[in-house]
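Engineer: pasting the structure only:
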């Protein structure tokens, strides 16, 4: 990643890429084999503070026990663990390969055969951070921000909005990068290295989502307050779950972990019905899609502009920002209220910027099936809604498959046109 950023910065001489290159040079000594920048995962203090405000209760005792449990079952950045002994299905145990996980973890090294270890530190840490928080050394220079894996929410995928991405989705993103963002293509990285990175990404996401859920359960279900509850209610009893399987704390902690892992195992691409439009009917389909784009039903123009040219001012934020602002009664532009969260690791709030469809490319892909799914399901983590797909002609809500294909064809016509279409 160092080479990708430094070459690109020299070629383009853009302030963004120069800043990114500078951040890489100054912040990531591990790229030169100097060892990891951190040896422990950072606690999710932003999540803990948000829970504390929304529940009006201290989360310090819960935080302490959650960190003990996380280290017990997931290890450290140098010595990661996959808690397969707590999993009931073979698929869950095999979701992450311990061998690939260890190869992706720790400090950057290579042998005489150019076999690399420490792949996450080498390629991802500078942007996504040691814990997968999306707040790495270069994150503040990027728009959009790098993904925070810990909430388990991913935008670009083939699965329904509420589901995790498939493994193939993540491999494709690594191979192709994300157009219009600082996420580069890793097509030149060995396939086996990309496979290891996907394992580590899933590991970080599972660990992070489990951390979030354990914190909430400690407050909402297990009577944590200024001090921890009785031992049978404490989350740390799950470190000896075989000795105390009846303890409520252990049972809830393990159930949460299993549910998060199973959500990854169960993720399935959404089927896309065949395109019913022949080449002779394409112009008519584009016209119907244009009418839907501007209609009050789909209302795409309200965010993307009358001709898909963007530029519409939207006072809204993504899910990662809302968690520590609007959801707990804080206005995102209230700098004083935001300061504690910034100190805890949150990135500055930014209003969303709906995509300009006339730019020729879309983040996450612009092929027909990808656009169909995106229109059907919307984009997870953002205000972009899905239109829904009617499964019965008598349904009052949702679009038919033909309607969605019409919108796909209209959007593709905008993407391929040098002259943005007008509203009239």
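Structural biologist: Everything's here; your move. As the structure is a computational prediction, the values presented were derived from the model and not from experiment. Numbering: from 1, shown residues only.
Engineer: please list all residues in contact with the residue nearest the centre of the chain.
Structural biologist: Nearest to the mean C-alpha position of the chain, by CA atoms, centre = their mean, lies residue 154 at 3.6 Å. For residue 154, the contact set (CB atoms under 8 Å, 6 or more residues apart in numbering) comprises 147, 164-165, 169, 380-381. Backbone N, C-alpha and C define where each C-beta goes, glycine included.
Engineer: tell me the SS of it?
Structural biologist: Secondary structure, DSSP: H, G, I helix; E, B strand; the rest coil: residue 154 is coil.
Engineer: same thing with the one 4 residues further on?
Structural biologist: Reducing the assignment to helix, strand or coil with three-state DSSP, the entry for residue 158 is coil.
Engineer: what's the local residue count around the nearest residue to it once chain neighbours are set aside?
Structural biologist: Leaving aside its sequence neighbours, residue 158 sits nearest to residue 269 (CB to CB, 6 or more residues apart in numbering; 3.9 Å). Using other CB atoms under 10 Å, residue 269 is surrounded by 16 other residues.
Engineer: hey, where'd the helices end up in the stretch 251-400 of the chain?
Structural biologist: Taking DSSP state H, counting those that start in this stretch to define them, one finds helices in the stretch 251-400 of the chain at 282-294, 301-304, 319-322, 335-343, 368-377.
Engineer: among those, which is the most enclosed?
Structural biologist: helix 368-377 (a mean of 21; mean count of other CB atoms under 10 Å).
Engineer: also compute the angle for the next helix or strand after that one relative to helix 368-377, please.
Structural biologist: Once the chain leaves helix 368-377, the next helix or strand it forms, by DSSP states H and E, is helix 401-416. Computed by axes from the mean of the first three to the mean of the last three CA atoms, to 10 degrees, the angle separating helix 401-416 from helix 368-377 equals 120 degrees.
Engineer: who touches helix 401-416?
Structural biologist: For helix 401-416, the external contacting residues (CB under 8 Å, 6+ apart) are 273, 275-277, 282, 285-286, 288-290, 292-293, 298, 300, 307-308, 357-362, 366, 368, 371-372, 375-376, 387, 389-390, 399, 420-421.
Engineer: what subset of the contacts of residue 154 is buried?
Structural biologist: Neighbour counting by 16 or more other CB atoms under 10 Å classes 147, 164-165, 169, 380-381 among these as buried.
Engineer: which of those residues sits closest to residue 178?
Structural biologist: Nearest to residue 178 among the buried ones among the contacts of residue 154 is residue 147, at 9.1 Å by CB to CB.
Engineer: I'd say that closest one and residue 124 touch.
Structural biologist: No. Using CB atoms under 8 Å, residue 147 is not in contact with residue 124; the gap is 10.2 Å.
Engineer: ok, the closest residue in space to residue 355 that isn't next to it in sequence - contacts?
Structural biologist: In this structure, residue 355 finds its nearest non-sequential neighbour in residue 362, 6.2 Å apart by CB to CB, 6+ apart. Residues in contact with residue 362, defined by CB under 8 Å, 6+ apart, are 179-180, 355, 371, 415.
Engineer: do residue 114 as well
Structural biologist: Here residue 114 is in contact with no residues (criterion: CB under 8 Å, 6+ apart).
Engineer: any idea which element it lies in?
Structural biologist: Under DSSP H and E, no helix or strand contains residue 114.
Engineer: mind listing the strands for this structure?
Structural biologist: 109-110, 116-117 (DSSP state E).
Engineer: any chance of these in TSV, with mean neighbour count too?
Structural biologist: Formatted as TSV, the strands of the chain follow (neighbours: other CB atoms under 10 Å):
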stretch	mean neighbour count
strand 109-110	13
strand 116-117	19
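Engineer: which one of those lies closest to residue 76?
Structural biologist: Closest approach to residue 76 among the strands of the chain (CB to CB): strand 116-117, 15.1 Å.
Engineer: so how far is that closest one from its chain's centroid?
Structural biologist: Distance of strand 116-117 from its chain centroid, counting by CA atoms, centre = their mean, to the nearest Å, is 25 Å.
Engineer: can you list the strands that it pairs with?
Structural biologist: strand 109-110 (antiparallel) (DSSP bridges).
Engineer: tell me the mean pLDDT over the strand it pairs with?
Structural biologist: For strand 109-110, the mean per-residue pLDDT is 86.
Engineer: ok, stretch 308-321 next?
Structural biologist: 90.
Engineer: again, but for stretch 190-199
Structural biologist: Stretch 190-199 comes out at a mean pLDDT of 97.
Engineer: show me which parts of the lengthiest helix in the chain are buried, residue by residue.
Structural biologist: Secondary structure of the chain per DSSP state H: the longest helix is helix 191-220. Neighbour counts over helix 191-220 (16+ other CB under 10 Å) mark 193-219 as buried.
Engineer: quick check: closest non-adjacent residue to residue 198.
Structural biologist: residue 170 is the one closest to residue 198 (CB to CB, 6+ apart), at 4.7 Å.
Engineer: coming back round to it: wait, which of the helices of the stretch 251-400 of the chain is closest to residue 104?
Structural biologist: helix 319-322 (23.7 Å).
Engineer: so how far is that closest one off the chain centroid?
Structural biologist: With CA atoms, centre = their mean as the basis, helix 319-322 stands 12 Å off its chain's centre.
Engineer: what's that helix packed up against?
Structural biologist: Packed against helix 319-322 by the contact rule (3 or more CB pairs under 8 Å, 6 or more residues apart in numbering; DSSP states H and E) you find no helix or strand.
Engineer: quick one: contacts of it?
Structural biologist: Outside of helix 319-322, the residues that reach it under the criterion CB under 8 Å, 6+ apart are 134, 145, 148, 151, 153, 332, 349-350, 380-382.
Engineer: greatest separation within those: which pair is it?
Structural biologist: For the contacts of helix 319-322, the farthest-apart pair by CB to CB is 332 and 380; their separation is 20.1 Å.
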